[in-house]
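Q: starting from these lines, generate the structure:
(chains A, B, C and D)
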2 protein chains.
Amino acid sequence: MKPESRKQEIINAASILFTEKGYSAVTMRDLAKAMGIKAASLYNHIQSKQEILSTIIIDLAEEFTTGMNQIINSDVGSIQKLENIISLHVDVTLRNADGLGSLNSDWMHLEEENLIYFEKMRHDYEENFRNIVKKGVEKGEIKPYNIEIMVFSTLSTLRTLYLWYPNQKNIDSDILKRDMISVLLKGVV
Amino acid sequence: MKPESRKQEIINAASILFTEKGYSAVTMRDLAKAMGIKAASLYNHIQSKQEILSTIIIDLAEEFTTGMNQIINSDVGSIQKLENIISLHVDVTLRNADGLGSLNSDWMHLEEENLIYFEKMRHDYEENFRNIVKKGVEKGEIKPYNIEIMVFSTLSTLRTLYLWYPNQKNIDSDILKRDMISVLLKGVV
DNA sequence: GTCTATAATGGGATAGAC
DNA sequence: GTCTATCCCATTATAGAC
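A: I've put the predicted structure just below:
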């Protein structure tokens, strides 16, 4: 383990607390206590509570955006693209499960530019997902069920993986991916 | 429409605000403004902010618990039971989508007895769900995928229906149920 | 049933010593 | 890099007039 910067330690501690109680319910005093220091000391490393939230959320959203862009630009079939999306969500969840609570439940507390930036990334992500499913249906690779329901159902499972995964003991990443692919895709394919 | 009690109007307005921003981020002033009155006036109808939250959450949780009890005590096969659970979630979502945000994201802000009561109901609900799937697998009605993944995947979709449903224009309840059953069950059956 | 006024507490953030 | 002390403002909730 390389030593983390103090700022990163604060962000990691905040990720856990925000996911447990939500951004608004966590005070700078709570966060300081978790770090073993006083609230005022936090401000030597971060500018504001809002900066912590936007760092957590924007970093994760950019990770998903980058992953999705690689997938849509790759030359594989629709099913393989969906499998790669599932794999992307499993990878991000295993690497940073703590931050995903903020991404899912506290994005509306982002301020001006970051809120707009986040909402655009989320919208584009869903649109890319939807287009993959649509093309798969057109090419006969995916069953012609209601597209919105297929997109919503798959995405809501992937988005809440972080709530469930920490309760599973030592589940292997590849086994998890394989089983998620079975359960999420074998129904619609 | 029969006229609602002032208390019920407050709870309805709070349900919307809590789902938009979360319990902790909504102030009594916000809620009063939405009602067109002053914050102090709210206290003629409710005892505390906490009472509003617990009313919203406990009523919904009891509705799910009652529905689940009817389903597990009915004399039908595992697949039919799962279909009835999907139907239960669609019904509750269409009737009270606004309150489901609190049930999903703000239950941890319940206080002592209500928190314990809620957690027991949620635990029992998941356990009943899991047992239906287990029995279905044993009887060969459901494919032998990882049970936890099937339970988690189905439940997370049903639990977040409220986020997605209001964006769908005029979707018919029966069509929604039929399509949810196709997408969620045809993969695992 | 709603209002104004206010109590009591806790929130994010800064200044300046060590 | 952390501390104590403090600022200023928002919070939930109550008292009492209308």
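Q: in which helix or strand does residue A:40 reside?
A: Element membership of residue A:40 [criterion: DSSP states H and E] is helix A:39-42.
Q: so where is chain A shaky, pLDDT-wise?
A: By pLDDT under 70, the weakly predicted segments of chain A are A:1-3, A:187-189.
Q: contact residues of it facing chain B?
A: A:20-25, A:105-106, A:108-109, A:145-146, A:148-150, A:152-153, A:156-157, A:159-160, A:163-164, A:168, A:176, A:179-180, A:182-188 (Cβ under 8 Å from any Cβ of the partner chain). C-beta: built from backbone N, CA, C; applies to glycine.
Q: report all helices and strands that the helix or strand hosting residue A:115 contacts.
A: In this structure, residue A:115 sits in helix A:112-138 according to DSSP H and E. Here helix A:112-138 touches helix A:49-72, helix A:78-96, helix A:147-159, going by 3 or more Cβ pairs under 8 Å, 6 or more residues apart in numbering or on different chains; DSSP states H and E.
Q: just those: most buried one?
A: Compared across the helices and strands packed on helix A:112-138, helix A:147-159 shows the largest average neighbour count, a mean of 21 (mean count of other Cβ atoms under 10 Å in any protein chain shown).
Q: from the chain's centre, how far out does that helix sit?
A: 14 Å (Cα atoms, centre = their mean, to the nearest Å).
Q: show me what that helix is packed against.
A: Packed next to helix A:147-159, using 3+ Cβ pairs under 8 Å, 6+ apart, are helix A:78-96, helix A:112-138, helix A:173-185, helix B:147-159, helix B:161-164, helix B:173-185.
Q: of all the ones you listed, which one is nearest DNA strand D?
A: DNA strand D lies closest to helix A:112-138 among those, at 17.8 Å (Cβ to the nearest atom of the strand).
Q: is DNA strand C contacted by that closest one?
A: No. Using Cβ under 7 Å from any atom of the strand, helix A:112-138 stays clear of DNA strand C, with a minimum separation of 13.9 Å.
Q: just send the helices and strands packed on helix A:112-138 back as CSV, with distance to residue B:59 too.
A: Output for those, formatted as CSV (distance: least, Cβ to Cβ, whole Å):
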stretch, distance to residue B:59
helix A:49-72, 31
helix A:78-96, 32
helix A:147-159, 24
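Q: out of those helices, which comes closest to residue B:42?
A: helix A:49-72 (27.7 Å; Cβ to Cβ).
Q: the closest residue to residue A:67 other than its chain neighbours and residue A:74, how far apart?
A: Leaving out its chain neighbours, the residue that sits closest to residue A:67 by Cβ to Cβ, 6 or more residues apart in numbering or on different chains is residue A:88, at 4.2 Å. Distance, residue A:88 to residue A:74, using Cβ to Cβ, to the nearest Å: 12 Å.
Q: got it, and residue A:35?
A: 42 Å.
Q: which one of these two has more residues nearby?
A: Using other Cβ atoms under 10 Å in any protein chain shown as the criterion, residue A:35 and residue A:74 rank with residue A:35 on top: 18 against 10.
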